[in-house]
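Asker: Build me a model from this:
(2 chains)
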Amino acid sequence: MATEVSRPTSRRAPRQQIGLIEWLRTNLFSTWYNVIITVVLLYIIVQTVTSFVSWMVTAPGWPAAFTNIKLLLTWTYPVDQLWRPQAAMALVMLLLGLSSGLWGGIVRMVALGAAAISVGLGVVAFTFPDLPGQTSLPGWLFMFICAVLLVGGDQVARLIGNKVRWPLIIAWLLAYPAVILILRGGIGLPVVETKLWGGLILTLILAVSGIVLSFPLGVLLALGRRSSLPVIRTFCVLYIELIRGVPLVTVLFMGALLLPLFLPGGESIDALVRAVIAVTLFSAAYLAENVRGGLQSIPKGQVEAARALGLNVVQTTLLITLPQALRAVVPVLVGQFIALFKDTSLVVIIGLVDLLGAAQNIVGQPEWLGIPGGVWRETFLVIAAIYWVFSFTMSRISKRIEDQIARSRH
Amino acid sequence: MAAGSPPLPSDKGTIPFYRDTRIIAIIVQIVFAIAVIALLWYLYSNMMNGLRQANLLPTFAFLSVPAGFPIAESVIPYDPSMTYGRAFVVGILNTVRVAGIGIVLATILGLILGIARLSDNWLLRNVALVYVEIVRNVPLLLQLIFWFSLTRLFPRIQESIDIGGLLYLHNRGATLAWPQAANDFDTWMVWVYGGIACGIIYYTIRRIQFARRDRPGVAMPQAFLIAVGVAFIGFFTTYFVYGAWPVSLSIPELQRFNFVGGITVTNSFAALLVGLVIYTAVFIGEIVRSGILAVSKGQREAARALGLTPGQTMRLVILPQALRVIIPPLTSQYLNLTKNSSLAVAIAYPDLFYVASTINNQTGQAVPVILMLMASYLSVSLLTSLFMNWYNRRIQLVER
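Answerer: This is a model prediction of the structure:
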């Protein structure tokens, strides 16, 4: 009976019950200035929302955006090859699903975010009118297949477990070249020149390339900046600070003008490749600084313990510090990806047609000239919504990952 | 010691040179340096070969050639008969102008936004949150093009949109009321200089006092208040003595074809400024908010327990500590704003990048133009970060 007595009776703290009036009083009308702020803001909100909604209902320019969804998403990618972007996306979905099932946690969050984004895009693609000769699947069917691949992959990976681990890692490493191969063609597939690429696909390719290709370079630069060898350190500091000191536009400009000059015999380089190289070189400097932040957050004892165990410098870096540092900077890297996703809109300045460029072209189409004031508001609103959905979802993922990392530390 | 004991590490002769980390380090660095120099030399020689064949060897001679293209707006006098060098300077000054004004306005808006996000008013807090989430998830370039397209809808100058009689929007730009020196301006300037002198004298005296007592102290805010106070007294005295304000507000008036009075800025400039300020303010607001949140609650409670008023608590306890967290990221936002102003090229504001790419199109001198462009941005970045680092060091906590 003694145990019964000593057990403390735990009760929850009483939940605070406040009525609507009380809530209004504390949150909206607590002081005289809060009353003024609330009233003024309410007036502004009502005015803005009513005029915005009435504009949206009556705006004549919506057909401009919605009959041109194909241009926005894929620009001039050949209509009879449209199944290829879909196949590339399905491949990524399958890999995401498998990884989500295998690793769970953070990876599952990323997969969920990707699923949310693709549902959003699928909704947009519903309005994709069937073009003559189109070989792609209808938007609703494609969305369904993506969902099946995601969920199915997740379940399959859970069943099989660790056996898919290495195949999956290799598949991820091959995913980037595979996607480029599917889109561009070559082996067996008809080649689609990169000058036909554009719209959202181009935006995504630039942003993903910026992160994927700049990753090795950025990590090396970060390690080099923390190196004890003065020549290597100086070089890395110079590179990082030089790139971070100038705007992305100048780097793109430099890529467009100088890269062709650097090759022997005046060979021409594809405009997209030039943009990708410029974005990669630019992004590497920022990535290096982020990774350096992660490296600095590792306690010195880790390195000392590793050295004491007999690991050499390379082993210590590869097995001890770098893995921990990279795990710590995952949220920051997602943030950098978001920034890059938005910043790649600058390629319109060097003449590539990304999502923003496609929108600008649509606004200039002659059939909308009759509409007073033009169709730019509607079109820009649609692409702003696409950008917004992407960035917002990814920033939520980044926040969740950050919370999870913080929780696992305590 | 037994004969078969392993050799001591200090026994230099036993370590082969290829296992000596000091020697490896030197070798690695030499190899790295040679590789980098070889790569750069390879690229450089390719470039020079190509340019020689195209007969476009890099030279800065074009800088003294007449530019021949007009620039829509300029701080210093400029016309197409002036040189490329002059055009480049016009571009730099235009960038500095939009970045300078933008930084001031974005800081003010960001401060308001950061405080609004922490308000105890639910509505204000959430309106600020919605603003932040909308603006920061849409590309800046899209926002700039949006604002610029909006200015295209402005009516002809005769039917300008009138905002309070002080700001007129029309298709040639935005005309706004602007302070203007009146007749007695010089008299007032004497007061202003006097005020600054008083402030400096006060500051110096207090500093000497602090040094003599060997105690830290604050003199800058008071000195600043003295300077501003004297200037204010002078402002009113001038009015009472001469019967007119030393500075008058020049209100724009619509004549038949144009506005008289006030100042008119182009729509490109207005759109760029509005876009940059709205975008950057979001990031500054988040920095201010996290800076204030970073000051622990105990600090506020301790300050209140010591009998400081809420105002004193904010001014003497919270803000100085928050500033230490705020300054470093704020610097990078200022630099971002300056760099982002290069997007002006998309909305035809003749900033540094716009002018440089025009020069490149006309002369074909890509290499010198890019070098000048990079050097200009780098020096702006370097100057800003030097200043902010100096300021940051001043306000950092002095630890033992």
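Asker: What distance do you get for the residue in the stretch 1-150 of chain A positioned nearest to chain B to A:Val46?
Answerer: Sorted by distance to chain B under C-beta to the nearest C-beta, the residues of the stretch 1-150 of chain A start with A:Asn27, at 3.8 Å. Every residue, glycine included, has its C-beta placed from N, CA and C. Counting by C-beta to C-beta, to the nearest Å, the gap from A:Asn27 to A:Val46 is 19 Å.
Asker: what's the answer for B:Ser160, then?
Answerer: As defined by C-beta to C-beta, B:Ser160 lies at a distance of 28 Å from A:Val46.
Asker: again with A:Tyr176
Answerer: With distances defined as C-beta to C-beta, the gap from A:Tyr176 to A:Val46 amounts to 49 Å.
Asker: cool, B:Gly285 as well?
Answerer: 24 Å.
Asker: Settle it for me: which of the two has more neighbours?
Answerer: Ranked by neighbour count (other C-beta atoms under 10 Å in any protein chain shown), B:Gly285 and A:Val46 place B:Gly285 first, with 25 against 10.
Asker: Surely A:Val151 is in contact with A:Leu98?
Answerer: No: using C-beta atoms under 8 Å, A:Val151 and A:Leu98 do not qualify as a contacting pair, with a distance of 11.1 Å.
Asker: Compare the two (neighbour count), which wins?
Answerer: Neighbours of A:Val151 and A:Leu98, each counted by other C-beta under 10 Å, are more numerous for A:Leu98; the result is 28 against 16.
Asker: so what's the more buried one up against?
Answerer: With contacts defined as C-beta atoms under 8 Å, 6 or more residues apart in numbering or on different chains, A:Leu98 is in contact with A:153-154, A:156-157, A:164, A:168.
Asker: and with 6 Å instead?
Answerer: The contact partners of A:Leu98, taken as C-beta atoms under 6 Å, 6 or more residues apart in numbering or on different chains, are A:153, A:157, A:168.
Asker: where's the spatially closest residue to the last one that is not a sequence neighbour, which helix or strand?
Answerer: Once flanking residues are discounted, A:Leu168 sits nearest to A:Leu98: 5.6 Å by C-beta to C-beta, 6 or more residues apart in numbering or on different chains. A:Leu98 belongs to helix A:83-103 when elements are defined using DSSP states H and E.
Asker: now what about the next helix or strand after that helix, what contacts it?
Answerer: Taking DSSP H and E as the definition, the helix or strand that follows helix A:83-103 towards the C-terminus is helix A:105-125. Counting by C-beta under 6 Å, 6+ apart, the neighbours of helix A:105-125 from elsewhere in the structure are A:96, A:99-100, A:139, A:143, A:146, A:150, A:389-390, A:393, A:397, A:400-401.
Asker: Need the buried ones from the residues you listed selected in PyMOL.
Answerer: Selection command for PyMOL covering only the buried members of the contacts of helix A:105-125, criterion 16 or more other C-beta atoms under 10 Å in any protein chain shown:
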select buried, chain A and resi 96+99+100+139+143+146+150+389+390+393+397+400+401
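Asker: now, which of the contacts of helix A:105-125 lie close to chain B?
Answerer: Of the residues in the contacts of helix A:105-125, proximity to chain B by C-beta under 6 Å from any C-beta of the partner chain holds for none.
Asker: Would you mind naming what in chain A lies close to chain B?
Answerer: Close to chain B, as judged by C-beta under 6 Å from any C-beta, chain A has residues A:27-28, A:34, A:37-38, A:41, A:229, A:231-232, A:245-247, A:249-250, A:254, A:257, A:261-262, A:264, A:266, A:342, A:345, A:349, A:356, A:373, A:376, A:380, A:384, A:387-388, A:391-392.
Asker: Filter those residues down to the buried ones.
Answerer: Buried residues within the residues of chain A next to chain B, defined by neighbour count using 16+ other C-beta under 10 Å: A:27-28, A:34, A:37-38, A:41, A:231-232, A:245-247, A:249-250, A:254, A:257, A:261-262, A:342, A:345, A:349, A:356, A:376, A:380, A:384, A:387-388, A:391-392.
Asker: Which of these fall in helices?
Answerer: Among these, the members found in helices (DSSP state H) are A:27, A:34, A:37-38, A:41, A:231-232, A:245, A:249-250, A:254, A:257, A:261-262, A:342, A:356, A:376, A:380, A:384, A:387-388, A:391-392.
Asker: For the stretch 151-300 of chain B, which segments count as strands?
Answerer: Across the stretch 151-300 of chain B, reading from the start of the chain, the strands by DSSP state E, counting those that start in this stretch fall at B:161-163, B:167-170, B:173-176, B:178-181, B:247-250, B:253-254, B:259-260, B:263-265.
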